[in-house]
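> Here's my sequence, what's the structure:
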Amino acid sequence: MTHVSCAVLAMVVVGVGCAGAEPTIGAKTTVLSTKPSIYLRVTPDGDASDIIGAFIPDDISDANVDEGAAVRTRCSKFIIAKRVPASGQYTEIAAASSGAAGKLGVKNIAKVDLGGQSSEALLVRYTLIEKMQADVDEDNLQRCCESAPDQCSKRFIAGALMADGNYYAATDFSSGGGADVEALNVANLPIDAAVVFDSEMKWERKVSFKRQYFAFNMRRGLAGGLGKTGAVADDCSWTRKVPTDLDGMYFVGVSNPMLSEKDARSDALRDAKEQVVRYLGEWLAEGNTSVSKTVGTSNDLQTLMEDSKVKEYLSGGVARSVKDRNWCGPEDQASPSGMRQVMKVLAYFPNTERDAASKLALQTIIQRQKEAGRDTKNLEDMLKHLEGAR
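Model (predicted):
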């Protein structure tokens with residue numbers, strides 16, 4: 001492991017004109033409004049593969065997260081570390097647990113709020129060399145966590161950053177009164193500047209590192225009970241406000257009243273998959289300029305997608321791509337023949353699967369139309385257009 005050395009260097013001169021005396025803060029600290037996306041490691045080193053896929057116990061707050069708190073379990077084998085080349089220079093405020101901040105041995109007056117608790121805030125300036133990312137076997141991870149909830153938690157380490165850089169501690173407030181704006185622009189300072197001004201704070205360089213995996217990030221959203229005496233009950237808020245995601249779409253599937261919870265789960269997933277099929281029809285109609293020339297209006301395309309055989313086949317075809325992310329229920333409902341169970345599922349469909357699923361949809365519609373003895377030339381032209389344009 002490369003030694004992390006403390007830097008005792010001359011301060012870069014930054015011209016700051018004072019309109020008045022800078023505020024005195026004594027032993028006080030300030031909580032920044034920044035929401036950090038990375039956490040500093042307690043012990044940076046040249047290989048982070050052993051922490052990728054490690055779970056953060058549910059009873060550890062975000063403010064106290066570091067890799068020392070993470071635990072590899074038998075479900076971690078479905079999360080594989082993948083190295084990715086990277087580059088660029090960055091300046092960002094990172095969260096540091098008391099253990100990580102204490103290891104650095106720096107005096108710091110800035111903190112960040114993480115879930116109602118405060119964590120040390122250190123500014124990091126670095127030149128990125130490499131990333132390590134989690135390659136997740138979603139299906140097997142989900143099965144593992146469902147069969148052994150004590151082997152998973154709601155968070156796991158999903159990435160790490162290797163870089164050359166420097167840690168900075170906040171030592172004072174920035175007056176900013178008569179400051180030379182150009183001098184205060186962090187982007188114009190060398191990556192190893194001894195003093196920078198950012199987020200209304202004065203930051204002084206304290207510790208440097210070279211070719212180290214110095215920070216990590218987490219992935220959230222799993223359900224689990226690691227570190228808990230029992231799994232935390234979900235409040236089902238996602239059934240009222242469906243989450244959004246830039247990389248995919250969420251759907252809430254609701255079951256019919258069923259005799260058992262098992263049947264209700266299957267029916268809720270069926271409903272979610274049928275919603276995905278309808279979504280694919282809408283996406284094809286909106287995104288393909290040849291719709292009016294091939295099948296008429298977008299409503300005509302939706303009608304073809306609603307064919308029972310098409311829906312049934314496509315629901316099976318997209319099953320691999322639709323992931324159940326959360327469950328709500330069972331909810332008891334009375335019926336003339338007795339009590340029934342209703343389940344709700346939060347299902348996720350990634351954008352990366354959309355093109356392949358759309359082609360499958362058109363191929364299925366074409367096959368159904370051929371079986372009915374109808375002309376499919378226009379639909380086949382549309383499929384060729386889709387294959388060529390996307």
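> Check the secondary structure at the spatially most central residue of the chain for me.
The centre of the chain sits closest to residue 219, judged by CA atoms, centre = their mean, with a distance of 5.2 Å. Here residue 219 is strand, with the state taken from DSSP: H, G, I helix; E, B strand; the rest coil.
> bridging residues for it?
residue 156 (DSSP bridges).
> looking at it, it is touching residue 135, isn't it?
No: Residue 219 sits out of contact with residue 135 when judged by CB atoms under 8 Å, with a separation of 12.0 Å. Every residue, glycine included, has its C-beta placed from N, CA and C.
> what bits of the stretch 201-350 of the chain have low per-residue confidence?
For the stretch 201-350 of the chain, the stretches with pLDDT under 70 are 221-235, 286-319.
> What segments of it are strands?
Listed in chain order, the strands found in the stretch 201-350 of the chain under DSSP state E, counting those that start in this stretch are 201-220, 248-254, 323-335, 338-350.
> I'd like to know which elements the second one is packed against.
Based on contacts counted as 3 or more CB pairs under 8 Å, 6 or more residues apart in numbering; DSSP states H and E, the elements that strand 248-254 packs against are helix 261-287, strand 338-350.
> rerun at 10 Å
In terms of contacts (3 or more CB pairs under 10 Å, 6 or more residues apart in numbering; DSSP states H and E), strand 248-254 is packed against helix 261-287, strand 323-335, strand 338-350.
> possible to save the ones you listed as JSON lines with mean neighbour count?
Conversion of the helices and strands packed on strand 248-254 to JSON lines gives the following (neighbours: other CB atoms under 10 Å):
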{"stretch": "helix 261-287", "mean neighbour count": "19"}
{"stretch": "strand 323-335", "mean neighbour count": "15"}
{"stretch": "strand 338-350", "mean neighbour count": "19"}
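> Tell me which of those sits nearest to residue 55.
Of all the helices and strands packed on strand 248-254, strand 323-335 sits nearest to residue 55, with 16.9 Å by CB to CB.
> Just checking: what are the partner strands of that closest one?
Strand 323-335 has the following strand partners under DSSP bridges: strand 338-350 (antiparallel).
> What helices and strands are in contact with the helix or strand following the partner strand?
Elements were assigned by DSSP states H and E; along the chain past strand 338-350, the next helix or strand is helix 354-371. Taking 3+ CB pairs under 10 Å, 6+ apart as the contact definition, the neighbouring helices and strands of helix 354-371 are helix 261-287, helix 298-305, helix 308-317, helix 377-389.
> Of all the helices and strands packed on strand 248-254, which one is nearest residue 196?
Nearest of the helices and strands packed on strand 248-254 to residue 196, taken as CB to CB: strand 338-350 at 38.8 Å.
> what inclination does the closest one have with respect to strand 248-254?
Put simply, strand 338-350 runs at 170 degrees to strand 248-254, going by axes from the mean of the first three to the mean of the last three CA atoms, to 10 degrees.
> mind listing what residue 143 touches?
By CB atoms under 10 Å, 6 or more residues apart in numbering, the contact list for residue 143 reads 75, 78, 137.
> Kindly report the same for residue 260.
Shown here is residue 260, whose contacts under the criterion CB under 10 Å, 6+ apart are 266, 330, 340, 341.
> so what's the second one closest to, chain neighbours aside?
Think residue 330. Nearest residue to residue 330 in three dimensions, chain neighbours excluded: residue 341, at 4.2 Å (CB to CB, 6 or more residues apart in numbering).
> If the one you found is in a bridge, with which residues?
Counting by DSSP bridges, residue 341 forms beta bridges with residue 258, residue 332.
> From residue 146, how far out is it?
The span separating residue 341 from residue 146 equals 18 Å under the rule CB to CB, to the nearest Å.
> same thing with residue 75?
As for residue 75, its distance to residue 146 is 10 Å (criterion: CB to CB).
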